[in-house]
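Asks: make a model of this:
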Amino acid sequence: MRIKKGFELREVCGEHIIVAYGRENINFNKVISLNESAAFLWENIVDKDFDAETLTSLLQQEYEVDADTARRDATALLDEWTKVGLTE
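Replies: Residues are numbered from 1 along each chain as shown. Below is the predicted model:
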């Protein structure tokens, strides 16, 4: 899985926001705000193949979190990104 082309992370007034650009995303009418850990994950997977285990591993490397919690959070985040059309 990868982040779809045409989306990038920006910091606006201290908030991490996903911005859509390009013709393929012309009808993207959502504002996606990411917390610090989600922004960390995004920055580490842009232009790379990833899955829930990749996100789980990154969370465990960066934060003091057990494997089950990291996996649950990574899976929930990935499900949300897929639901709103950020992944392919």
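
Asks: can you pull out the helices in this structure?
Replies: All helices of the chain, identified by DSSP state H, fall at 36-45, 52-62, 67-83.

Asks: now do the buried residues in the shortest one.
Replies: Judged by neighbour count (16 or more other Cβ atoms under 10 Å), helix 36-45 contains these buried residues: Ser37, Ala38, Ala39, Phe40, Leu41, Trp42, Ile45. In this view, the C-beta of every residue, glycine as well, is placed from N, C-alpha and C.

Asks: on that earlier part again, columns distance to Val12 and mean pLDDT on top of the helices of the chain, output as CSV?
Replies: Below are the helices of the chain laid out as CSV (distance: least, Cβ to Cβ, whole Å; pLDDT from 0 to 100):
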stretch, distance to Val12, mean pLDDT
helix 36-45, 12, 97
helix 52-62, 23, 97
helix 67-83, 19, 96
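
Asks: ok, which of those comes nearest Ile18?
Replies: helix 36-45 (7.8 Å; Cβ to Cβ).

Asks: next, the angle helix 67-83 makes with the closest one.
Replies: Helix 36-45 runs at 70 degrees relative to helix 67-83, counting by axes from the mean of the first three to the mean of the last three Cα atoms, to 10 degrees.

Asks: residues making contact with helix 36-45?
Replies: By Cβ atoms under 8 Å, 6 or more residues apart in numbering, the residues outside helix 36-45 that reach it are 3, 9, 16, 18, 34, 54-55, 58-59, 62-63, 73-74, 77.

Asks: that one to helix 52-62, inter-axis angle?
Replies: Counting by the same axes, to 10 degrees, helix 36-45 lies at 120 degrees to helix 52-62.

Asks: just how off-centre is helix 36-45 within its chain?
Replies: Taking Cα atoms, centre = their mean, to the nearest Å, one finds helix 36-45 lying 6 Å from the centre of the chain it belongs to.

Asks: over to stretch 48-63?
Replies: Centroid separation for stretch 48-63 versus its chain: 11 Å, with Cα atoms, centre = their mean.
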